[in-house]
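Trainee: model this:
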Amino acid sequence: MTRDNPYDNPFERYSYKSPLIERLRAQDGNLVSGRVTVRTARSFGFCWGVDRAVAMVQDAFDEYPGRQIWLLDQIIHNPRVNSDFKTLGVKFVRGPFADADEDGAPGADDVAVIPAFSATVEDTDWLRGIGCTIVDTTCPWVIKPHKRTLNYLRDGFTTIIHGLYEHEETAASASLIASKGGKYLVVADREQAQWVCDVIEQPLDAAELLSQLPDGARSPDFDCDRDLAQVGTINQTTMLASETREIERMLKQSMAVRFGADNVGEHFRELNTICGATQDNQDAVTALVDQDALDLMIVVGGHDSSNTKNLTRVGRGHFPSYHVDGPMAIRPDEIRHRCSETGEFESTRDWLPAGEITIGFTAGASTPDTLLGETITRVLEVAGAPMDVVVSS
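Mentor: Next up, the predicted model:
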């Protein structure tokens with residue numbers, strides 16, 4: 001089963017359509033209700049790859065009637081979507097939606113779905129060994145770094161991944177590299193990248209580097225002197241693009257220090273594998289920030305969504321920017337959100353200014369339009385704005 005992009009309009013949706021959000025898109029992201037001006041980013045919400053993955057699971061019910069459908073883990077990082085599938089009878093092999101009393105493995109007559117993030121080589125081999133029908137919803141953008149790592153392996157380069165080593169997409173990339181006998185390191189941010197740079201420039205500090213990185217963030221038997229002589233970069237497709245570019249610059253500079261500027265090409269390669277939709281969403285939020293017309297921003301998405309967290313980081317330092325998972329986080333006197341830096345849950349009181357206000361909204365690539373629409377509606381309600389603009393949509 002495949003899902004090729006059947007439409008020219010990037011704002012068309014396979015699923016989870018919201019009349020309010022469609023109206024906002026038609027109005028260039030602007031809506032005024034009483035004292036509140038709503039402004040959405042130019043690009044937000046479900047990317048094509050996520051929309052495709054959700055639709056492929058929905059299609060599986062029609063294509064395989066009567067057969068049990070399993071998901072390896074969350075199809076995407078959004079509780080609403082995963083809960084909806086669970087309500088429809090989908091079982092989860094692992095993760096937050098797996099029930100302890102469920103039989104946790106598909107059988108030969110079942111259907112197993114590989115999430116949009118992809119899967120490890122071990123999981124894919126396991127499913128093939130069972131003999132079940134496999135529906136692979138891996139996003140085509142995720143396949144791009146996989147292909148590049150195979151080129152690095154062929155030429156003897158170690159892969160440095162800018163990503164979160166426990167994230168499903170990065171785990172799949174690391175598994176692929178290890179299965180082919182290659183080497184990898186995973187760096188989450190500039191600080192960890194600097195550790196690697198220090199070791200590249202001074203190889204005798206290798207033991208300190210390996211003690212600072214978690215075991216899952218490096219391939220087995222990693223040897224810094226040997227495995228950092230030639231490196232190539234990829235990134236988890238949902239990371240902050242500006243941070244990826246900075247990490248690439250840092251690594252390239254360190255290679256120049258160690259091997260000389262004229263020899264960098266023999267020791268360093270780079271490929272920015274941020275997905276197009278993630279880049280568009282980040283650029284759109286940056287454009288809102290640059291206009292300097294917002295009093296605050298609300299970013300809607302699952303709390304374990306990497307790309308949603310990074311959207312929140314874009315607005316930080318310019319105006320209050322809150323990462324919420326949906327309308328239940330919004331109260332008249334309080335907003336419950338997750339800090340993009342610490343990952344801690346916080347409650348901020350008196351978050352909604354008095355008088356006329358302009359609120360920016362965006363949503364992560366795993367956030368359905370319906371959830372964003374409900375959140376905007378809730379904010380208008382607690383702000384005392386007239387609801388006719390919502391009802392008329």
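Trainee: Are we agreed that I200 is in a strand?
Mentor: No. Assigned with DSSP: H, G, I helix; E, B strand; the rest coil, I200 falls outside any strand and is helix.
Trainee: Can you tell me how far it is from N263?
Mentor: Distance of I200 to N263, given as CB to CB, to the nearest Å: 13 Å. (Glycine included, C-beta is placed from N, CA and C.)
Trainee: quick one: which of these two has more around it?
Mentor: I200 (25 against 12; other CB atoms under 10 Å).
Trainee: per-residue pLDDT, P6?
Mentor: According to the prediction, P6 has pLDDT 39.
Trainee: for N78, same thing?
Mentor: The per-residue pLDDT reported for N78 equals 85.
Trainee: do the same with D221
Mentor: 88.
Trainee: same check, this time on Q27
Mentor: Per the predicted model, pLDDT is 89 at Q27.
Trainee: same deal with P140?
Mentor: Reported pLDDT for P140: 84.
Trainee: Pull up the gap between it and G276, please.
Mentor: 10 Å.
Trainee: Same check on L372?
Mentor: According to CB to CB, L372 and G276 sit 20 Å apart.
Trainee: and what of D283?
Mentor: Distance, D283 to G276, by CB to CB: 10 Å.
Trainee: got it, and D221?
Mentor: For D221 relative to G276 (CB to CB), the value is 36 Å.
Trainee: who has more neighbours, those two?
Mentor: G276 (14 against 8).
Trainee: Now for the more buried one: which residues touch it?
Mentor: For G276, the contact set (CB atoms under 8 Å, 6 or more residues apart in numbering) comprises 47, 141.
Trainee: quick one: it from D28, how far?
Mentor: Counting by CB to CB, the gap from G276 to D28 is 21 Å.
Trainee: I figured A329 was touching I335, is that so?
Mentor: Yes. Between A329 and I335 there is a contact at 6.2 Å, judged by CB atoms under 8 Å.
Trainee: Go through stretch 17-26 and flag the buried ones.
Mentor: 18, 20-22, 24-25 (16 or more other CB atoms under 10 Å).
Trainee: CA atoms only for that stretch, dumped as CSV, please.
Mentor: Written as CSV, here are the backbone C-alpha positions of stretch 17-26 (Å, rounded to 0.1, in the frame of the first residue of the first chain):
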residue,chain,number,x,y,z
LYS,A,17,-9.9,18.7,8.5
SER,A,18,-11.1,21.8,10.4
PRO,A,19,-13.4,24.4,8.9
LEU,A,20,-11.9,27.1,11.2
ILE,A,21,-8.4,26.3,10.0
GLU,A,22,-9.4,26.1,6.4
ARG,A,23,-11.0,29.6,6.8
LEU,A,24,-7.8,31.0,8.4
ARG,A,25,-5.7,29.7,5.5
ALA,A,26,-8.1,31.3,3.1
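Trainee: Show the contacting residues for the residue nearest to G49 when sequence neighbours are not counted.
Mentor: The spatial neighbour of G49 that comes closest, neighbours along the chain excluded (CB to CB, 6 or more residues apart in numbering), is C139 at 3.2 Å. For C139, the contact set (CB under 8 Å, 6+ apart) comprises 47, 49-50, 52-53, 116-118, 237, 275.
Trainee: Now do C139 against P353, distance only.
Mentor: Counting by CB to CB, the gap from C139 to P353 is 38 Å.
Trainee: that older thread, export the contacts of C139 to CSV and tack on neighbour count and secondary structure?
Mentor: Output for the contacts of C139, formatted as CSV (neighbours: other CB atoms under 10 Å; DSSP: H, G, I helix; E, B strand; the rest coil):
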residue, neighbour count, secondary structure
C47, 27, coil
G49, 27, helix
V50, 28, helix
R52, 22, helix
A53, 28, helix
A116, 29, coil
F117, 28, coil
S118, 25, coil
T237, 29, coil
C275, 26, coil
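Trainee: Tabulate those residues (JSON lines), appending distance to R378.
Mentor: As requested, those are arranged in JSON lines below (distance: CB to CB, whole Å):
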{"residue": "C47", "distance to R378": "24"}
{"residue": "G49", "distance to R378": "28"}
{"residue": "V50", "distance to R378": "23"}
{"residue": "R52", "distance to R378": "29"}
{"residue": "A53", "distance to R378": "27"}
{"residue": "A116", "distance to R378": "27"}
{"residue": "F117", "distance to R378": "29"}
{"residue": "S118", "distance to R378": "34"}
{"residue": "T237", "distance to R378": "30"}
{"residue": "C275", "distance to R378": "29"}
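Trainee: where's the dip in pLDDT among the residues you listed?
Mentor: C275 (71).
Trainee: Surely that residue and N235 touch.
Mentor: No. Between C275 and N235 there is no contact under CB under 8 Å: 9.8 Å.
Trainee: Tell me which stretches of the stretch 201-350 of the chain form helices.
Mentor: Secondary structure of the stretch 201-350 of the chain (DSSP state H, counting those that start in this stretch): helices at 206-212, 224-227, 241-259, 264-267, 276-291, 306-315.
Trainee: Which strand runs longest in this protein?
Mentor: Longest strand in the chain, counting residues (DSSP state E): strand 357-363.
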